[in-house]
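Trainee: The following comprises the amino acid sequence and a computationally predicted model.
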Amino acid sequence: MRLNEEQLYSIQHFVDSQGLKHKDLRDDILDHLCCAVDSELRRGKPFKQSFDEAIKELAPNGLIDLERKTFFLLNYKRIIMMKKLMYLIGFIGSFSLTIGVTFKLLLYPGANLFFMIGFITLLLVFVPMLTFDMYKVTIARAFSERLKIILGCVAAIITGFAGVFKLLELQGVSILLLAGAFVFAVGFLPFLFFTMYKKSIA
């Protein structure tokens, strides 16, 4: 027995419904699934069983996950370089912020400079880079997972700017603190505990 047009359409419809972005990969996946299912049909297995087994063997975590892993392998060196840069920036920002706080407590000169470098590096460079990296990982997951990451980033940036404004003695510190706390408490925390709850009962 070989694949008929209806079965071929079923496989094609399934692949297209997964939301793959890379056409070449989509075509390769479709071709692989058709060949795998056709091979099992020749052995006498029913179509549904053959199709389910082919999907499970090829992409047990879904086609989007397969696409993400394929993209990572094709761009491995560039991704690793970007991750090294991101964490180096995070280290520099954290180091500068720690020095700034320490110097501020000990009343040493240069505290404000280190404080500003740390805040700006962490808030305007590292946090957005980290958020984007985490968002790419969760792009195939539930909307609540993605929204949690975005709201956490927004809350961190707003609260961080409140610290910068306080250090520079600028007005608007209270508004920024309230806005940051509001986004964190009303936006980030509910999604955080909701996803934790879902994972605990899964």
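Mentor: Good, I have the coordinates.

Trainee: mind listing what residue 156 touches?
Mentor: 123, 127, 180 (Cβ atoms under 8 Å, 6 or more residues apart in numbering). Yep, even glycine has a C-beta here, placed from its N, CA and C like the rest.

Trainee: and the residues you listed, which of them are in helices?
Mentor: Counting by DSSP state H, the contacts of residue 156 place 127, 180 in helices.

Trainee: what's near enough to touch residue 103?
Mentor: Contacts for residue 103 (Cβ under 8 Å, 6+ apart) come out as 109-111, 114.

Trainee: one more time with 6 Å, if that's ok
Mentor: Residue 103 makes contact with 110-111, according to Cβ atoms under 6 Å, 6 or more residues apart in numbering.

Trainee: For residue 15, what is the enclosing helix or strand?
Mentor: helix 5-17 (DSSP states H and E).

Trainee: From the contact counts, what lies against that helix?
Mentor: helix 23-42 (3 or more Cβ pairs under 6 Å, 6 or more residues apart in numbering; DSSP states H and E).

Trainee: what does the helix it packs on contact?
Mentor: By Cβ under 6 Å, 6+ apart, helix 23-42 touches 1-3, 11, 15, 20, 50-51, 54, 67.

Trainee: relative orientation of that helix and helix 5-17 in degrees?
Mentor: If you take axes from the mean of the first three to the mean of the last three Cα atoms, to 10 degrees, helix 23-42 sits at 140 degrees to helix 5-17.

Trainee: Return the set of buried residues in helix 23-42.
Mentor: Neighbour counts over helix 23-42 (16 or more other Cβ atoms under 10 Å) mark 25-26, 29-30, 33-34, 36-38, 40-41 as buried.

Trainee: Show me which pair in the residues you listed is furthest apart.
Mentor: 25 and 41 (24.3 Å; Cβ to Cβ).

Trainee: For residue 61, state which of the buried residues of helix 23-42 is nearest.
Mentor: residue 29 (13.8 Å).
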